[in-house]
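[1] Need the 3D shape of this:
(one chain, ligands or ions: 2)
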Amino acid sequence: MSMIQVQDALDTILAKINFKGVEKVPLEQALGRVLAEDVVSRINNPPMDNSAMDGYALIAEDIQSATPENPVKLEMVEEIAAGYTAKGVLQPGQAMRIMTGAPIPAGANAVLMQEDTKKDGKIIFCEDKADVEENIRKAGEDVKIGEVVLKKGIPLSPAHIGMLAVVGRSQIAVSQRPIVAILSTGDEILELDETPEGPQIFNSNGHMLAAQIKSAGGLPVYLGIAKDTEKDLMEKFEWALQADIVVSSGGVSVGDYDLVKSSLQKMGQDMLFWKVAMKPGKPLAFGRIGETPIFGLPGNPVSSFVSFEQFVRPSLKKALGCSDLSHKTVKAKLTRTIKKKPGRLHFLSAVVSWTGGEYTVTPAGEQGSGILKSASNANGLLIFPLEADEIKQGQEVAVQLLE
Ligand code: AMP
Ligand code: MG
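    Ligands and ions are numbered 1, 2, ... in the order given. Down below sits the predicted model:
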């Protein structure tokens, strides 16, 4: 079997992933969800011209000559607090006390900030001039009626939540979360509350995958551990097919008990098995039974982790209708020279930091496919390109930031 490129595998997978659907949620539950509508404002924000300062609304032309030595005197005729509208129309020679956010009264065309004034009863001494429109926030300068303030396909951040509140939206259309079944495989794999004996190990992949699925916006369903028999695998996969997407780990390599591929093949068509030109994570099974995509990830913990990041996370983003399926990636300067054999794209667990105006990156310890400690100390995956065999200290490399 020939090896295929990471990008080709991803393109083939993404072509088979469908958008799940839309649901409405209250704003307070929308953080992190993917927006499923273009949000159009039905209001202007601010609704009317208002003051950016605590000070005095006035006519700019009245105070053109004002200086601290020769202040211009105006008569204060009214006070306007935020949330209230002036009763009168401002006339030449007059000022109105105005608070930040209060509407500019008719007749005024500037606000002089309080710090540039002195006051004696109803007389205001203006000690500086003002330009027309100074300290006035114009109606609609933030948002205009009919404006699209947020486009569908973005994961909602705290600032997005604020924006939705600005336009008065308490219910938001978001993408439904895909339900993702997780099946671990292997006779040697134990649940966490069991006691390992001899060669037995705990099911780390199952729990790590659940966390990855959650962080990608999916709803993980933990289906436990299948034995290395076609009978048990087929039974558990059959059950897993109730989910929107199925992710398994282990049993996709070339060992005598790697039976995930053959079990899935017996259950339906459309099963692809690849050697992907990447490290860690060479073997990958992908296909659909009916409409349900199934990812057979490799069993080695780092392989499972990295394969999820490269193939399953973008797929979940597509199922969620995200407009950007790519990883957050930065360019960073290598702090030491790295080497490898050409022919596979390597992902190195790495630590990226922002140091004095640039990113630097250092591989996080030993890089074996079974050494999860390095991945757990990393905040990024350094991309060591396919054909490269050496990248020197000080050169720039791309690093995917882990989410
Ligand atoms: P396999 O692909 O099934 O041959 O597994 C490759 C390696 O990954 C073996 O050393 C397995 O013991 C290990 N492995 C498989 N599944 C898991 C799991 N769920 N948690 C931790 N390690 C696993
Ligand atoms: Mg196995």
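
[2] which residue sits closest to the residue in the stretch 201-350 of the chain positioned nearest to ligand 2, ignoring its sequence neighbours?
    Relative to ligand 2, the nearest point of the stretch 201-350 of the chain is residue 250 (4.0 Å; CB to the ion). Placement of C-beta: from N, CA and C, glycine included. Among residues not flanking residue 250 along the chain, residue 299 sits closest, at 3.1 Å (CB to CB, 6 or more residues apart in numbering).

[3] Using the three-state scheme, assign the residue of the stretch 251-400 of the chain found nearest ligand 1.
    In the stretch 251-400 of the chain, the residue that lies nearest ligand 1 is residue 299 (2.4 Å; CB to the nearest ligand atom). Secondary structure, DSSP: H, G, I helix; E, B strand; the rest coil: residue 299 is coil.

[4] what's the spacing between the closest residue to residue 235 other than its chain neighbours and residue 209?
    Excluding the flanking residues, the one nearest residue 235 by CB to CB, 6+ apart is residue 226, at 7.8 Å. Separation of residue 226 from residue 209 (CB to CB, to the nearest Å): 14 Å.

[5] quick revisit: contacts only, for the residue of the stretch 201-350 of the chain closest to ligand 2.
    Going by CB atoms under 8 Å, 6 or more residues apart in numbering, residue 250 touches 184-186, 189, 205, 258, 260, 297-299, 304.

[6] repeat for residue 26
    So residue 26 contacts 170-172 (CB under 8 Å, 6+ apart).

[7] which of the residues you listed are buried?
    residue 172 (16 or more other CB atoms under 10 Å).

[8] what does the stretch 101-250 of the chain have sitting close to ligand 2?
    When proximity is defined as CB under 5 Å from the ion, the stretch 101-250 of the chain approaches ligand 2 at 186, 250.

[9] Show me which residues of the stretch 101-250 of the chain are close to ligand 1?
    184, 186, 188-189, 201, 203-206, 249-250 (CB under 6 Å from any ligand atom).

[10] could you pull out the helices for this structure?
    Along the chain, counting by DSSP state H, helices occupy 6-14, 158-166, 204-215, 230-240, 260-267, 301-307, 313-319, 372-376.

[11] Not counting its own residues, what contacts the shortest one?
    For helix 372-376, the surrounding residues in contact (CB under 8 Å, 6+ apart) are 204, 208, 301-302, 305-306, 349, 363-367.

[12] What of the first one?
    Here helix 6-14 makes contact (CB under 8 Å, 6+ apart) with 272, 274, 276-278, 284, 286, 293, 295, 310-311, 314-315, 318, 325, 345.
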